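Visitor: Whatever this is, show me its structure:
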Amino acid sequence: MPTYLLSVFAPAESNECGPYPSKEVMLEALAAAGTVNGRLPGEGHLVFAGACRGKLEVRSFRTERPVAALLDP
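Guide: Numbers count the residues shown, from 1 in each chain. Alright, predicted model coming up:
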């Protein structure tokens with residue numbers, strides 16, 4: 001069975017609504033993510049909705065280059 005990871009990234013700069021331009025946009029984004037997270041288990045998918053514990057534990061891949069690269073913090 002295929003396994004997928006969906007990561008959401010935001011700019012480092014933030015305001016009173018975090019990286020979102022307004023409170024309305026923030027609430028819409030959180031509601032949309034909640035809808036997806038709520039629907040997937042009912043379809044038989046495992047959902048982990050959490051955050052990385054710290055910057056030093058994060059590993060990410062970049063695919064805009066010809067070859068994907070693993071980036072260390």
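Visitor: Would you mind measuring from the closest residue to residue 20 other than its chain neighbours to residue 40?
Guide: Among residues not flanking residue 20 along the chain, residue 26 sits closest, at 3.8 Å (C-beta to C-beta, 6 or more residues apart in numbering). Placement of C-beta: from N, CA and C, glycine included. Residue 26 sits 22 Å away from residue 40, going by C-beta to C-beta, to the nearest Å.
Visitor: Now for residue 26, how many residues are close by?
Guide: Other residues near residue 26 come to 15 when the count uses other C-beta atoms under 10 Å.
Visitor: helices or strands up against the helix or strand hosting it?
Guide: Using DSSP states H and E, residue 26 falls within helix 23-42. Helices and strands in packing contact with helix 23-42 are not found; criterion 3 or more C-beta pairs under 8 Å, 6 or more residues apart in numbering; DSSP states H and E.
Visitor: can I have that helix written out in CSV, keeping just the CAs?
Guide: The C-alpha coordinates for helix 23-42 follow below in CSV (Å, rounded to 0.1, in the frame of the first residue of the first chain):
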residue,chain,number,x,y,z
LYS,A,23,-7.6,35.7,10.6
GLU,A,24,-10.3,34.7,8.0
VAL,A,25,-7.7,33.0,5.8
MET,A,26,-6.2,31.2,8.8
LEU,A,27,-9.6,29.9,10.0
GLU,A,28,-10.4,28.7,6.4
ALA,A,29,-7.1,26.9,6.1
LEU,A,30,-7.4,25.2,9.5
ALA,A,31,-11.0,24.2,8.7
ALA,A,32,-10.0,22.7,5.4
ALA,A,33,-7.2,20.7,7.0
GLY,A,34,-9.6,19.5,9.7
THR,A,35,-12.1,18.3,7.1
VAL,A,36,-9.4,16.3,5.3
ASN,A,37,-8.0,14.9,8.5
GLY,A,38,-11.5,13.9,9.7
ARG,A,39,-12.5,12.2,6.4
LEU,A,40,-9.4,10.1,5.8
PRO,A,41,-9.7,7.7,8.8
GLY,A,42,-13.3,6.9,7.7
